[in-house]
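Student: got a predicted model here, sequence first, then my questions.
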Amino acid sequence: MIKKDIVWLQSLAHAPQLLADGQVVMTAAPNGRIYDAIKNAGKHFEIMWDAAELTMSLWTVPKGGPRRDDAYKFIAFAASPAAQADVSRYIPYGPVNKDAIAFVNPVALPHLPTAPYHTGNALLIDPAFWAEKGDELRQRFTAWLAK
């Protein structure tokens, strides 16, 4: 059984530290954390993009909020190609707006999970699946941990 060999992450910063300390030979981690360890800490890590997990975030606007129009204007701005591409100047999190790729600095592109040559084998999280099966799977996982 593999359970005894698993090292559980305590935080997002924990993944590159476990790699650096030699406690693990691979880990799941946000690509920005690994990129930072490579670029700013001189670590000799490599990101394997094959079967990378692409997740999504959502903007929500509270119903009846007093600044609803401003919220929608912000979302329109944040989702725009130029704004999406600009984020990659600061951290290599890929734009979700496909039109933004044309605005990304070509030097940054190889470090982005949404670069066209990284997404071919990426796994997109299915929110409908997790909405339907999430509770059941968490219960099964918790039971497995308890054994």
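Tutor: Alright, I've got the coordinates.
Student: give me the distance from stretch 95-115 to the chain's centre.
Tutor: 14 Å (Cα atoms, centre = their mean, to the nearest Å).
Student: show me the contact partners of that stretch.
Tutor: For stretch 95-115, the external contacting residues (Cβ atoms under 8 Å, 6 or more residues apart in numbering) are 31, 35, 49, 52, 54, 56, 79-82, 84-89, 92-94, 116, 118-119, 122. Just so you know, the C-beta spots here come from the backbone N, C-alpha and C atoms, and that holds for glycine as well.
Student: at 10 Å what do you get?
Tutor: 30-32, 34-35, 38-39, 47, 49, 52-57, 78-94, 116-119, 122 (Cβ atoms under 10 Å, 6 or more residues apart in numbering).
Student: give me the buried subset of the residues you listed.
Tutor: By neighbour count, with 16 or more other Cβ atoms under 10 Å, these hold 30-31, 34-35, 38, 49, 52, 80-81, 83-85, 87-88, 92-94, 118-119 as buried.
Student: now, those that are in helices?
Tutor: Counting by DSSP state H, those place N31, I34, Y35, I38, P81, A83, Q84, A85, V87 in helices.
Student: phi, psi for the most far-flung residue of the chain relative to its centre please.
Tutor: If you look at how far each residue of the chain sits from its centre, by Cα atoms, centre = their mean, the farthest one is P66, at 31.6 Å. Per-residue torsions, P66: phi -70, psi -20 (degrees, to the nearest 10).
Student: quick one, phi psi at the closest residue to G94 other than its chain neighbours?
Tutor: Among residues not flanking G94 along the chain, T114 sits closest, at 2.9 Å (Cβ to Cβ, 6 or more residues apart in numbering). Per-residue torsions, T114: phi -100, psi 10 (degrees, to the nearest 10).
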